[in-house]
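Enquirer: Quick one: sequence plus predicted model below, questions after.
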Amino acid sequence: MKKIKAYFQEVHNELVNKTSWPTWSELQNSAVVVMIASLIIALVIFAMDISFDKLLEEFYKRLY
């Protein structure tokens, strides 16, 4: 039981004293970057999907 208690004390010490937490503005900036990157990636995938759809549609039209 002492080992478990010591483990949680070390975890608490690590999180409180040794971990550097971002500020609120840093979190907001990071969230904006992630949202923009996600939107760009989604648009690229959407464009690829539409392109392949049109390409395969044309291919199958000519095949049959």
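Expert: Done, it's in. Residues are numbered from 1 along each chain as shown.
Enquirer: Report the secondary structure state of the residue most central in space within the chain.
Expert: Nearest to the geometric centre of the chain sits V34, at 6.8 Å (Cα atoms, centre = their mean). Following DSSP: H, G, I helix; E, B strand; the rest coil, the label given to V34 is helix.
Enquirer: Tell me where the model's unsure across the protein.
Expert: In the predicted model, the chain carries no residue with pLDDT under 70.
Enquirer: how about the helices of it, start to end?
Expert: Secondary structure of the chain (DSSP state H): helices at 2-13, 24-63.
Enquirer: how far does the last one sit from the chain's center?
Expert: Centre-to-centre, helix 24-63 and its host chain are 14 Å apart (Cα atoms, centre = their mean, to the nearest Å).
Enquirer: Next: the shortest one.
Expert: The gap between the average C-alpha position of helix 2-13 and the chain average comes to 31 Å, counting by Cα atoms, centre = their mean.
Enquirer: how about it as PDB, C-alpha atoms only?
Expert: Only the C-alpha atoms of helix 2-13 are listed here, as PDB (Å, rounded to 0.1, in the frame of the first residue of the first chain):
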ATOM      1  CA  LYS A   2       2.900   2.300   0.700                       C
ATOM      2  CA  LYS A   3       4.200   1.900  -2.900                       C
ATOM      3  CA  ILE A   4       0.800   2.900  -4.300                       C
ATOM      4  CA  LYS A   5       0.700   6.000  -2.100                       C
ATOM      5  CA  ALA A   6       4.200   6.900  -3.000                       C
ATOM      6  CA  TYR A   7       3.400   6.500  -6.700                       C
ATOM      7  CA  PHE A   8       0.500   8.900  -6.600                       C
ATOM      8  CA  GLN A   9       2.500  11.400  -4.600                       C
ATOM      9  CA  GLU A  10       5.200  11.300  -7.300                       C
ATOM     10  CA  VAL A  11       2.600  11.700 -10.000                       C
ATOM     11  CA  HIS A  12       1.100  14.700  -8.200                       C
ATOM     12  CA  ASN A  13       4.500  16.200  -7.700                       C
END
